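J.: show me how the following folds:
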Amino acid sequence: MSESYLYIYNNLINYTRNKDLYKNLNRDDTFSDRLTLFLLHFSFFLKNFKNVENKKILQEIYDFNFRQLELSIREIGYGDQSINKKMKDYINLFHSMVSEIHFWDTLSRSEKIKKFSLFLNDFQNSDELIEYFDDFNENLSKKTLNSYLKSVSKP
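T.: Alright, predicted model coming up:
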């Protein structure tokens, strides 16, 4: 099953590599910026496919993605103690993102900007990011989880 999850992980990574996401950042992007955008993409992914039927598989995808993130942090060179702290911070950040975007479809534009400013405070033009994630969210809603598991969906 993990090969299917790798497709999802790699798709989310590819979305995160979109250079247009970083053009309104007034500095070079960092690992932390990329990770924040990855977690946002992942939170929209889970939001769209969360239901009783998908509960077990989404938990497996969640576990797989965070294991992959931990491996990435290790590759950067963090030690065991700092990895545990970083992972705890990233998991907490992710859960707050999931909570904040839960009702994304019903939020006004200004409410969406306020939500994003909690996580992306260094990014200037929030309107473009809102538009991007509105489109991303809409595209997710048009597809099935199975299409991502079978690597049918491409960024």
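
J.: what pLDDT is listed against residue 89?
T.: pLDDT for residue 89: 91.

J.: quick one: it from residue 124, how far?
T.: 24 Å (C-beta to C-beta, to the nearest Å). All C-beta spots, glycine's among them, are computed from the backbone N, C-alpha and C.

J.: please state the offset of stretch 18-27 from the chain centre?
T.: 16 Å (C-alpha atoms, centre = their mean, to the nearest Å).

J.: the closest residue to residue 149 other than its chain neighbours - how many residues pack around it?
T.: Distance criterion C-beta to C-beta, 6 or more residues apart in numbering; nearest residue to residue 149, sequence neighbours excluded, is residue 4 at 4.3 Å. By other C-beta atoms under 10 Å, 17 other residues sit near residue 4.

J.: residue 113 touches residue 125, doesn't it?
T.: No - using C-beta atoms under 8 Å, residue 113 is not in contact with residue 125; the gap is 10.2 Å.

J.: so between the two, which is more surrounded?
T.: Using other C-beta under 10 Å, the more surrounded residue of residue 113 and residue 125 is residue 113, with 15 against 11.

J.: and the host helix or strand of that one, how far out from the chain's middle?
T.: Per DSSP states H and E: residue 113 is located in helix 109-119. Per C-alpha atoms, centre = their mean, the displacement of helix 109-119 from the mean C-alpha position of its chain is 16 Å.

J.: what mean pLDDT does that helix have?
T.: On average, helix 109-119 scores 90.

J.: now stretch 125-133
T.: 87.

J.: got the CA positions of it in PDB?
T.: The C-alpha coordinates for stretch 125-133 follow below in PDB (Å, rounded to 0.1, in the frame of the first residue of the first chain):
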ATOM      1  CA  ASN A 125      -0.200  39.200  -1.600                       C
ATOM      2  CA  SER A 126      -2.500  36.800   0.200                       C
ATOM      3  CA  ASP A 127      -5.200  37.200  -2.500                       C
ATOM      4  CA  GLU A 128      -3.100  35.100  -5.000                       C
ATOM      5  CA  LEU A 129      -2.600  32.400  -2.400                       C
ATOM      6  CA  ILE A 130      -6.300  32.400  -1.600                       C
ATOM      7  CA  GLU A 131      -7.200  32.000  -5.200                       C
ATOM      8  CA  TYR A 132      -4.600  29.300  -5.600                       C
ATOM      9  CA  PHE A 133      -6.000  27.300  -2.700                       C
END
